[in-house]
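In: Provide a 3D model corresponding to the input given below.
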Amino acid sequence: MRVRFAPSPTGHLHVGNARTALFNWLLARHAGGTYILRVEDTDRERSTAASEAAIKDDLRWLGLTWDEGIDAGGDVGPYRQTERLELYARHTQQLLETGHAYHCFCTPEQLEAERQAALAAGAPPKYAGTCRALDRADVARRIAAGARPAVRLRVPSDRTVAFDDLVRGTVSFHTDVIGDPVIVRGDGIPAYNYAVVIDDALMHITHVVRGEDHISNTPRQILVYEAFGWTPPAFAHLSLVLGPDHAPLSKRHGATSVAEFRAKGYLPEALANYLALIGWSPGDGQELLPLPELAARFDLSAVGHSAGVFDEAKLAWANRHYLKLAPPERLVALSLPYLKTAGFVRATPSAALSAWLTLVVPPLATSIDKLSDLPERMRLLFAFDAAAALARPDVHAEAHEPLALSVARAFAEAVSGAPPLTTKEAFRALAKQVGAATGAKGKALFHTIRLVCTGEPDGPELDLLVPAIEQAAAFAPADGLAPVMSCRDRAAAFVDALSA
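Out: Predicted coordinates for the structure are as follows:
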């Protein structure tokens with residue numbers, strides 16, 4: 001089995017195209033086949049090297065490495081269409097010589113007039129065949145005089161072109177609605193439906209898996225295969241990826257590219273796993289599986305033909321799962337850009353700060369959807385303003401519960417005379433001491449301590465939070481962490497604000 005993913009480097013990798021790349025990869029890996037990356041860059045005005053590089057980077061990030069193609073090499077290259085123009089020209093000459101193609105000198109104005117006339121008559125627009133019968137001498141004379149004709153495929157009349165789609169079953173089109181398509185433009189650049197056939201045939205592609213927007217291209221491509229006497233590959237057309245409102249996924253739905261989801265802090269394994277679930281299920285009630293397991297279970301015949309909806313809430317669900325599985329060191333490395341943007345980490349972390357982050361980040365990451373949410377989760381470590389906190393109705397109400405003032409004062413007094421609470425054991429012992437002194441327990445005790453130390457009515461477990469604050473307060477500026485106020489200083493400020 002040989003499959004390919006053939007993007008046009010004209011922009012970012014859209015999640016719909018990423019799903020196509022993924023399904024091709026899963027199919028190849030399941031069958032022990034070859035996965036090829038080919039670049040279709042004949043749109044010279046819009047194709048860029050930067051876009052090609054970004055697409056390759058996104059594919060590698062998703063784990064969709066390719067066996068053959070751009071950067072990997074292979075025996076049937078080049079794998080970039082602009083490097084194959086001479087090859088297309090040779091094949092075009094072959095079709096012209098066998099009569100399967102002909103030169104067309106019609107101007108854009110003529111073609112537009114024909115199109116408008118057909119529409120006015122209620123007929124499907126198609127080429128009228130004006131240049132179909134030109135003799136070779138006339139063609140040669142015009143070209144010698146400087147004309148730059150297009151080349152059209154000679155489509156047989158009154159024929160049905162049918163193919164068995166591996167996702168949708170039998171699909172058929174009548175040639176009366178196709179006309180004679182341009183296969184090479186006047187500037188010598190091949191049309192998509194022509195170049196793709198030559199590429200797929202010469203690269204020995206066995207299965208073409210692509211989006212359903214290509215269904216109408218398939219009969220034209222099959223006719224090109226027939227003109228050369230080649231056997232077409234098997235075709236499978238995947239449903240479109242829609243937004244939550246069941247309209248085609250677009251910018252108005254928010255993020256749509258792999259790069260945007262990367263920037264938000266989604267893990268590659270989460271995005272790849274979720275994309276695999278759009279239109280297909282691994283079975284056995286399981287959904288969250290690593291790529292090798294998804295490949296082992298992948299079955300193209302089980303892919304649905306109904307449109308799939310991209311639901312970022314479900315992507316976040318998958319991401320939460322993988323955040324919990326990620327090694328601490330990896331989470332810290334992935335989190336650093338967000339922490340630096342927030343101003344919490346100000347330089348390359350020292351060894352001590354890296355160790356602290358490795359202890360603090362993973363438990364906090366279990367309660368977020370994506371890594372870009374982490375700074376907000378960590379903000380209470382860095383931003384403490386007792387007066388501002390008490391000005392909030394929810395904090396004010398809890399701070400004035402019975403025993404709250406006495407607990408706050410007892411905690412402030414106890415922590416001022418104790419060593420920093422850098423372990424959960426030290427924190428628990430001091431909290432027990434405060435409880436014994438005030439008679440407070442449960443919510444009356446711990447909610448007040450939370451308010452005193454963070455200015456917030458909820459948040460991470462105090463067993464984690466208090467030691468994290470105390471350890472962070474001890475770092476020197478050279479360690480690379482923004483300043484953190486100790487629990488002693490926070491408690492003193494909170495009691496002063498509460499007593500005012």
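In: domain boundaries for this protein, per the record?
Out: 84-238, 381-499 (automatic domain parsing).
In: host element of residue 155?
Out: For residue 155, there is no helix or strand it lies in under DSSP states H and E.
In: rewinding a little: so which of the domains of the chain gets nearest residue 263?
Out: Closest of the domains of the chain to residue 263 is domain 381-499, at 22.5 Å (criterion: CB to CB). For glycine as for every other residue, the C-beta is placed from the backbone atoms N, C-alpha and C.
In: give me the three-state assignment for residue 183.
Out: Following DSSP: H, G, I helix; E, B strand; the rest coil, the label given to residue 183 is strand.
In: burial of it, as a residue count?
Out: Residue 183 sits with 27 neighbouring residues when counted by other CB atoms under 10 Å.
In: now it, nearest residue through space, not along the chain?
Out: Nearest residue to residue 183 in three dimensions, chain neighbours excluded: residue 194, at 3.7 Å (CB to CB, 6 or more residues apart in numbering).
In: mind checking the SS state of the residue located most distally from the centre of the chain?
Out: Within the chain, the residue lying farthest from the chain centre (CA atoms, centre = their mean) is residue 437, at 55.3 Å. Judged by three-state DSSP, the three-state class of residue 437 is helix.
In: per-residue confidence for it?
Out: Looking at residue 437, its pLDDT is 96.
In: now swap in the one 3 residues further on and tell me
Out: Listed pLDDT for residue 440 reads 94.
In: what's the first helix or strand after the single longest helix found in the chain?
Out: Criterion DSSP state H: the longest helix present in the chain is helix 15-31. Once helix 15-31 ends, the next helix or strand along the chain (criterion: DSSP H and E) is strand 34-37.
In: check which helix or strand covers residue 106.
Out: Following DSSP H and E, one finds residue 106 outside all helices and strands.
In: same question, residue 225
Out: Using DSSP H and E, residue 225 sits within helix 218-228.
In: what's that helix packed up against?
Out: Applying 3 or more CB pairs under 8 Å, 6 or more residues apart in numbering; DSSP states H and E, we find helix 218-228 packed against helix 85-98, strand 150-153, strand 160-165, helix 192-202.
In: just the CA atoms of it, as PDB, please.
Out: C-alpha atoms of helix 218-228 as PDB (Å, rounded to 0.1, in the frame of the first residue of the first chain):
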ATOM      1  CA  THR A 218     -12.400  12.400  -9.500                       C
ATOM      2  CA  PRO A 219     -14.200  11.700 -12.800                       C
ATOM      3  CA  ARG A 220     -11.900  14.200 -14.600                       C
ATOM      4  CA  GLN A 221      -8.900  12.500 -13.000                       C
ATOM      5  CA  ILE A 222     -10.200   9.000 -14.000                       C
ATOM      6  CA  LEU A 223     -10.500  10.200 -17.600                       C
ATOM      7  CA  VAL A 224      -6.800  11.300 -17.500                       C
ATOM      8  CA  TYR A 225      -5.900   7.900 -16.200                       C
ATOM      9  CA  GLU A 226      -7.800   6.300 -19.100                       C
ATOM     10  CA  ALA A 227      -6.100   8.600 -21.600                       C
ATOM     11  CA  PHE A 228      -2.700   7.300 -20.500                       C
END
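In: in that helix, what's buried?
Out: Neighbour-count burial for helix 218-228 flags 218, 219, 220, 221, 222, 223, 224, 225, 226, 227 (criterion: 16 or more other CB atoms under 10 Å).
In: now the two most distant members of those residues.
Out: Put simply, by CB to CB the two of the buried residues of helix 218-228 set farthest apart are 218 and 227, 15.0 Å from each other.
In: please identify the most buried of the domains of the chain.
Out: The highest mean neighbour count among those, using mean count of other CB atoms under 10 Å, belongs to domain 381-499: a mean of 18.
In: spatially, what comes nearest to the residue farthest from the centre of the chain if we skip its sequence neighbours?
Out: According to CB to CB, 6+ apart, the nearest residue to residue 437 is residue 410 (4.9 Å).
In: so residue 37 sits right up against residue 79, yeah?
Out: Yes. At 6.9 Å, residue 37 counts as touching residue 79 under the criterion of CB atoms under 8 Å.
In: spit out the residues that contact the two alike.
Out: Shared contacts of residue 37 and residue 79, defined by CB atoms under 8 Å, 6 or more residues apart in numbering, are found at 68, 69, 70.
In: distance to residue 346 for the domains of the chain - can I get that in TSV?
Out: Shown next, in TSV, are those (distance: least, CB to CB, whole Å):
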stretch	distance to residue 346
domain 84-238	45
domain 381-499	6
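In: next, residue 331: secondary structure please.
Out: Classification of residue 331 by three-state DSSP places it in helix.
In: how much space separates it from residue 345?
Out: Residue 331 sits 14 Å away from residue 345, taking CB to CB, to the nearest Å as the criterion.
In: now residue 334
Out: For residue 334, the distance to residue 345 - CB to CB - is 13 Å.
In: which of the two has more neighbours?
Out: Regarding residue 334 and residue 345, a neighbour count based on other CB under 10 Å identifies residue 345 as having more, with 22 against 17.
In: which strand residues bridge the more buried one?
Out: Under the criterion DSSP bridges, residue 345 forms beta bridges with residue 481.
In: that one touches residue 336, doesn't it?
Out: Yes. Applying CB under 8 Å, one finds residue 345 in contact with residue 336, separated by 6.2 Å.
In: double-check that residue 53 belongs to a strand.
Out: No. Residue 53: not assigned to a strand; according to three-state DSSP it is helix.
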